[in-house]
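In: below: sequence and its predicted model.
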Amino acid sequence: MDQLNLIKILPKAELHLHIEGSFEPELMFEIAQRNKVSTRFKSVEEVREAYNFHNLQSFLDIYYEGANVLLYEQDFYDLTKAYLKKCHEDHVVHTEIFFDPQTHTTRGVSFETVFKGIHLALTDAKNEWGISSHLIMCFLRHLSEEDAFATLKESLPFKKHIIAVGLDSSELGHPPSKFERVFKAARAEGFLTVAHAGEEGPVPYILEALDLLKVSRIDHGVRSLENDQLIERLVKEKMPLTVCPLSNIKLCVFKNLTDHNLKKMLQRGVKVTINSDDPAYFGGYMNENFIQTAKALNLSSEEIKQLAINSFEASFLDPETKQSWIKKIQGL
């Protein structure tokens, strides 16, 4: 079987996906018109032209601008359902979705509105397509610790439907240690923890996420290869990295996909996974990330299968379900 067909039929789990980052321009325009929200863009083409970023912050500026049109439960449902349709097409059978409540509550949209729209779409996708899912609530690291604590409090009525908390947004200047107390409080409430670290931020940010936030996964983590001791630790602890190759290129973390270090980390035994991050902005959902990465890094069929296996091993699924999917991959 050739690699393209293998990627298409492989069951996959996506572990690093910002639901607000799956907002395609066409849907953005449709919802903006429906809600009578004006934007500075006159056409879908103008939006796509604006998607040429030079770093993380220039991306985030337009990311938050697009989110402004999301006001009602139906908007969050439509956004989430559109992403899940892509999952169905790409044979993503399980997804663990990040959402950023502070992006919306600061605009006067209630936590409940955001949650209900996303949750209903996840339920419908399970019924229609058999896609399982978990929700991960992220704190925006450019905002204050106090703001994060307020968001944690708002989440508590819904915590049985939220498996973990995460940390995203502008990394530089906002180390994980800034949120050590919030994450401790979240763990006390029963949440698992993950955190973005080592995308633009340095190796010490990864160490802080591990030691202070007690994370179950590192999101990105591509700078881990700068430190041999850290790599040894990641392998020993079987600590997953949720890597997002096309995102890394779009945000200039690597100049070209052929320069990406995913294969080197995989060969050293790190539990790396492939994910799409903010696919509407970065030019590709799961299969596109797999296909372009496999081609650029000359991944073997076994390496491609290992990446898919890693995605289930690194997921928050129960052990029995994990093994069921892994056996299916091994049988291909």
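Out: That came in fine, so what should we check first?
In: where does the stretch 51-200 of the chain have low pLDDT?
Out: By pLDDT under 70, the stretch 51-200 of the chain has no low-scoring segment.
In: which residues of the stretch 201-332 of the chain fall in helices?
Out: In the stretch 201-332 of the chain, the helices defined using DSSP state H, counting those that start in this stretch lie at 203-211, 228-236, 245-250, 262-267, 279-282, 286-297, 301-313, 319-330.
In: chain center to the last one: distance?
Out: Its chain's C-alpha centre lies 22 Å from the corresponding centre of helix 319-330 when counted by Cα atoms, centre = their mean, to the nearest Å.
In: contacts for it next, please.
Out: By Cβ atoms under 8 Å, 6 or more residues apart in numbering, the residues outside helix 319-330 that reach it are 10-11, 13, 93-94, 132, 305, 308-309, 312-313, 315, 317. In this view, the C-beta of every residue, glycine as well, is placed from N, C-alpha and C.
In: farthest pair in those residues?
Out: The distance between the two most remote of these (Cβ to Cβ) is 20.3 Å, for 132 and 305.
In: list the contacts of residue 288.
Out: Each residue near residue 288 by Cβ under 8 Å, 6+ apart is listed here: 246, 276, 279.
In: residues contacting the closest residue to the last one other than its chain neighbours?
Out: On the basis of Cβ to Cβ, 6 or more residues apart in numbering, the spatially nearest residue to residue 279 that is not a chain neighbour turns out to be residue 285, at 4.6 Å. By Cβ under 8 Å, 6+ apart, the residues touching residue 285 are 86-87, 89-90, 276, 279.
In: same thing with residue 171?
Out: With contact set as Cβ under 8 Å, 6+ apart, residue 171 has these partners: 56, 141, 196-197, 199-201, 205.
In: show me the residues you listed that map onto helices.
Out: 56, 205 (DSSP state H).
In: which among the contacts of residue 171 gets closest to residue 111?
Out: residue 141 (18.6 Å).
In: gap between residue 311 and residue 332?
Out: To residue 332, residue 311 is 14 Å away according to Cβ to Cβ, to the nearest Å.
In: the more surrounded of these two?
Out: Taking other Cβ atoms under 10 Å, residue 311 and residue 332 do not tie; residue 311 has more neighbours (32 against 14).
In: quick one: pLDDT of that one?
Out: pLDDT for residue 311: 98.
In: please name the nearest non-neighbouring residue to it.
Out: Once flanking residues are discounted, residue 311 sits nearest to residue 13: 4.0 Å by Cβ to Cβ, 6+ apart.
In: ok, residue 191 next?
Out: residue 165 is the one closest to residue 191 (Cβ to Cβ, 6+ apart), at 4.9 Å.
In: likewise residue 257?
Out: Excluding the flanking residues, the one nearest residue 257 by Cβ to Cβ, 6+ apart is residue 296, at 3.7 Å.
In: just checking, the one you found touches residue 260?
Out: Yes: counting by Cβ atoms under 8 Å, residue 296 touches residue 260, with 6.9 Å between them.
In: okay, these two: which has more neighbours?
Out: Taking other Cβ under 10 Å, residue 296 and residue 260 do not tie; residue 260 has more neighbours (22 against 17).
In: quick one, what contacts the residue lying closest to that one once chain neighbours are set aside?
Out: Excluding the flanking residues, the one nearest residue 260 by Cβ to Cβ, 6+ apart is residue 254, at 5.1 Å. Residues near residue 254 by Cβ under 8 Å, 6+ apart: 222, 248, 260-261.
In: which one of those sits closest to residue 50?
Out: Nearest to residue 50 among those is residue 248, at 19.8 Å by Cβ to Cβ.
In: so the closest one makes contact with residue 260?
Out: Yes: contact criterion Cβ under 8 Å: residue 248 and residue 260 qualify, at 6.4 Å.
In: what separation do you get for the residue nearest to residue 279 and residue 57?
Out: Taken as Cβ to Cβ, the span from residue 285 to residue 57 is 24 Å.
In: now do residue 124
Out: Residue 124 is 35 Å from residue 57, where distance means Cβ to Cβ.
In: cool, and residue 121?
Out: Distance from residue 121 to residue 57, by Cβ to Cβ: 29 Å.
In: more neighbours: these two, which one.
Out: Each of residue 121 and residue 57 has its neighbours counted (other Cβ under 10 Å); residue 121 has more, 23 against 15.
In: nearest spatial neighbour of that one, chain-adjacent residues omitted?
Out: Here the residue nearest residue 121, using Cβ to Cβ, 6+ apart, is residue 80, at 3.6 Å.
In: the one you found contacts residue 117, doesn't it?
Out: Yes: using Cβ under 8 Å, residue 80 is in contact with residue 117, at 6.8 Å.
In: between the contacts of residue 254, which is nearest residue 72?
Out: residue 248 (33.7 Å).
In: and that closest one, how far is that from residue 297?
Out: Distance from residue 248 to residue 297, counting by Cβ to Cβ: 12 Å.
In: shared neighbours, these two?
Out: residue 260.
In: the stretch 51-200 of the chain: strands as residue ranges?
Out: Along the stretch 51-200 of the chain, counting by DSSP state E, counting those that start in this stretch, strands occupy 92-99, 132-140, 164-168, 192-197.
In: out of the ones you listed, nearest to residue 233?
Out: Closest among these, using Cβ to Cβ: strand 192-197, at 13.5 Å.
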